[in-house]
Structure formats: C-alpha cells, structure tokens
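Undergrad: heads up, no residue letters with this:
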C-alpha cells in the first residue's frame, strides 16, 4: 500500500509540477525586459581600435577579498570614467582563482571570468561617469545579467542611481550568483 501511495504521489508531482507554463529560469517581467537594451557609451577618441579592457587579480575564495578597478578613456563628449568593485565574502568559492573583469567601451557592461557559480553571492558596485543620458528613462533603468543568447535577467541590488547633471550611472551591491556579462539597460 505504501508503494502504491508513493507512486501516485510521484505521478501527481510530475503532472502538476511540470506544466508548460512554468519556467523558473525566466524573469518575472520578461515582457518589459525584452524591450530593454544595453546603454551605449560615447565612442573613444584617438587611434586605438580597442573596445575591451581586461584586468585580473588573484582571489582566494576561502578568505574572500576585494577586486577594485578604475578605467577611463577620452571620448568626443568628454572623459568616461568606470569604477568597479567586486567584494568576495569568505567562502564565496572553493580554492583560489585569477578573476578577470573585462570592460566594454561600447556599452555600459562588463564581463567577468572565469565562468563560475558562487556559494555566497559576490557584491558588485559599478559607477560609470561621462555617459550621455539623453533619452534614458530613470523608471526603466536597471542592472542585469546578459546571457549569451542576448536575453536579460534582473539582478538584486541595494540601489541604482542615475544623475543627469554629472552624467553618472551607479549600481550598489548587486548580488552576483555567477560570473558572466552584466550591464546597465534602459
């Protein structure tokens, strides 16, 4: 009798738990987010054709640590400044790894490596100044994870900030559960 009840429970769980309308990996507001695009940065001036700038630092996952980087470039509209800070809590991952941050000078986005999941979320604060915020709606400004297929998923953070007077975007303490590409969208 116990065996029959167990089988019935498994069948019921499969029938009602896995319906085609449930998708636990999609963002709740995917209709709104599908219209959002990465915010563009002003084009760098000069002879360089480089659009990516990568820095790296060794972090011991058992002890945790900080990885702070500053990067900037001259554009036709002024100086663009990017300040990035990753805070790894103790125990965020096993062993030690060389962590990379790759800044994209075309969009307000960064890519982190190596690809990995965290035991404890990494906190990330990003400030970008010198951005043309014309047409940016503060109501739809968000900081997101950008998948390889271009789909975006919102990230939990403490605060997001936009200041048109100083041409600044800032996200504070975004919780990164894994490394990938992240950026500001509108």
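TA: Perfect, thanks for sending it. Computed from a predicted structure; not experimentally measured.
Undergrad: Can you tell me which helix or strand of the chain has the lowest average pLDDT?
TA: helix 2-17 (a mean of 39; mean pLDDT, DSSP states H and E).
Undergrad: OK, contacts around the residue lying closest to residue 107 once chain neighbours are set aside?
TA: Nearest non-adjacent residue to residue 107, counting by CB to CB, 6 or more residues apart in numbering: residue 38, 4.1 Å away. Placement of C-beta: from N, CA and C, glycine included. Residue 38 is in contact with 107, 108, 109, 146, 183, 184, 185, counting by CB atoms under 8 Å, 6 or more residues apart in numbering.
Undergrad: Likewise for residue 133?
TA: 162, 164, 167, 169.
Undergrad: and of those residues, the nearest to residue 101?
TA: Closest to residue 101 out of those is residue 169 (16.7 Å), distances taken as CB to CB.
Undergrad: Distance check, that closest one against residue 90.
TA: Per CB to CB, to the nearest Å, residue 169 is found 30 Å from residue 90.
Undergrad: the more surrounded of these two?
TA: When neighbours are counted by other CB atoms under 10 Å, residue 169 comes out ahead of the other of residue 169 and residue 90, with 25 against 11.
Undergrad: what about the more buried one, distance to residue 96?
TA: Taking CB to CB, one finds residue 169 at 32 Å from residue 96.
Undergrad: What of residue 163?
TA: 37 Å.
Undergrad: try residue 145
TA: Distance from residue 145 to residue 96, by CB to CB: 24 Å.
Undergrad: Buried residues of stretch 151-168, list them for me.
TA: In terms of neighbour count (16 or more other CB atoms under 10 Å), stretch 151-168 has its buried residues at 152, 153, 154, 155, 157, 160, 162, 167, 168.
Undergrad: Which of the residues you listed fall in helices?
TA: Of these, none are assigned to helices by DSSP state H.
Undergrad: Report the two of those residues separated the most.
TA: 153 and 167 (26.7 Å).
Undergrad: Tell me the bridge partners for residue 112.
TA: Per DSSP bridges, the residues bridged to residue 112 are residue 101.
Undergrad: give the contact list for residue 144.
TA: 33, 36, 152, 153, 154, 155, 182, 183, 184, 185.
Undergrad: for this structure, which spans come out with low pLDDT?
TA: 1-34, 47-50 (pLDDT under 70).
Undergrad: just the helices in it please.
TA: Using DSSP H, helices in the chain cover 2-17, 30-33.
Undergrad: and stretch 109-120, how far apart are its ends?
TA: End-to-end span of stretch 109-120 (CA to CA, to the nearest Å): 23 Å.
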